[in-house]
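[1] from the sequence below, what's the structure:
(chains A and B)
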Amino acid sequence: GIQVEQSPPDLILQEGANSTLRCNFSDSVNNLQWFHQNPWGQLINLFYIPSGTKQNGRLSATTVATERYSLLYISSSQTTDSGVYFCAVVHPSYNFNKFYFGSGTKLNVKP
Amino acid sequence: EPEVTQTPSHQVTQMGQEVILRCVPISNHLYFYWYRQILGQKVEFLVSFYNNEISEKSEIFDDQFSVERPDGSNFTLKIRSTKLEDSAMYFCASRWNSGNTIYFGEGSWLTVV
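    Numbering: from 1, shown residues only, chains lettered A, B, ... in the order given. Modelled structure (predicted):
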């Protein structure tokens, strides 16, 4: 299967700071999504971004599929941004969206 | 925004007991999934379901596991005889079509004692 590596594994920010989370993957992908797992365990969709750049409020994401990485930017972080951020990818050989998840970046935003 | 809903949110069961986790996928979606996450670990794929049959399953999804879509709205995961190592958060997910965003439910936390 595809290897998905996320960095950094842990991140502590002061409220208001900006951050960049990285996701590297070992093979071509035709689906990539970023998720936020909140402290209650819920997986919340952030972006469906197999390629290109998208923005949603304070969050934006860029995927460079040819170089096998994706970046998630969080600007002006808030305490509610705390949680674990997962990148998940699908290899083109899988038509049924078998996601491979990274180990996540655990973000703690302090007030 | 439409949601995938799961019940129960938390279940504690004795080892060896059968457990059924229930999911209501988003109504016009065609592809359904179960994933699980052992505490502190990655989210892992269990099974995908399309056109009323399993389309793919992982090595985790052994004979103790089964899935069913008993009617037009529910999608269930059954664990026939639970083991301690089945303790995990189980996520149901669905999507409309190939290439579309996949949506996860809120999860069902299973504790086997």
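
[2] C-alpha only now, for contacts and for neighbours.
    OK.

[3] for the residue in chain A that chain B sits nearest to, list the residues it contacts.
    Of all residues in chain A, A:Gln42 sits closest to chain B, at 4.8 Å by CA to the nearest CA. Contacts for A:Gln42 (CA atoms under 8 Å, 6 or more residues apart in numbering or on different chains) come out as A:36, B:105-107.

[4] now with 10 Å?
    Contacts here follow CA atoms under 10 Å, 6 or more residues apart in numbering or on different chains; on that basis A:Gln42 touches A:35-36, A:83, B:89, B:91, B:104-108.

[5] ok, B:Lys42 next?
    Contact analysis of B:Lys42 by CA under 10 Å, 6+ apart lists A:86, A:100-104, B:36.

[6] please tell me which one of these counts the most neighbours.
    A:Gly104 (30 neighbours; other CA atoms under 10 Å in any protein chain shown).

[7] mind checking how far that one is from B:Gly72?
    Applying CA to CA, to the nearest Å, the value for A:Gly104 to B:Gly72 is 35 Å.

[8] near chain B, which residues of chain A are found?
    With CA under 10 Å from any CA of the partner chain as the criterion, chain A meets chain B at residues A:30-33, A:35, A:37, A:40-45, A:47-50, A:86, A:88, A:90, A:94-104.

[9] go with 8 Å
    Residues of chain A found near chain B (CA under 8 Å from any CA of the partner chain) are A:30-31, A:33, A:41-45, A:48, A:95-104.

[10] give the contact list for the residue nearest the centre of chain B.
    Nearest residue to the geometric centre of chain B (CA atoms, centre = their mean): B:Trp34, 3.2 Å. Going by CA under 8 Å, 6+ apart, B:Trp34 touches B:45-48, B:77, B:90-93.

[11] tell me the secondary structure for it?
    With DSSP: H, G, I helix; E, B strand; the rest coil as the basis, B:Trp34 sits in strand.

[12] if we can go back for a sec, in TSV: the contacts of B:Lys42, plus secondary structure.
    Listed next are these as TSV, based on three-state DSSP:
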residue	secondary structure
A:Phe86	strand
A:Tyr100	strand
A:Phe101	strand
A:Gly102	coil
A:Ser103	coil
A:Gly104	coil
B:Arg36	strand
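
[13] need the residues you listed in TSV with distance to B:Val67, can you?
    Shown next, in TSV, are the contacts of B:Lys42 (distance: CA to CA, whole Å):
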residue	distance to B:Val67
A:Phe86	26
A:Tyr100	21
A:Phe101	22
A:Gly102	26
A:Ser103	27
A:Gly104	28
B:Arg36	14
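
[14] and the strands in chain A?
    Assigned by DSSP state E, chain A shows strands spanning A:4-7, A:10-14, A:19-25, A:31-37, A:43-48, A:52-56, A:59-64, A:69-74, A:83-90, A:100-101, A:105-110.
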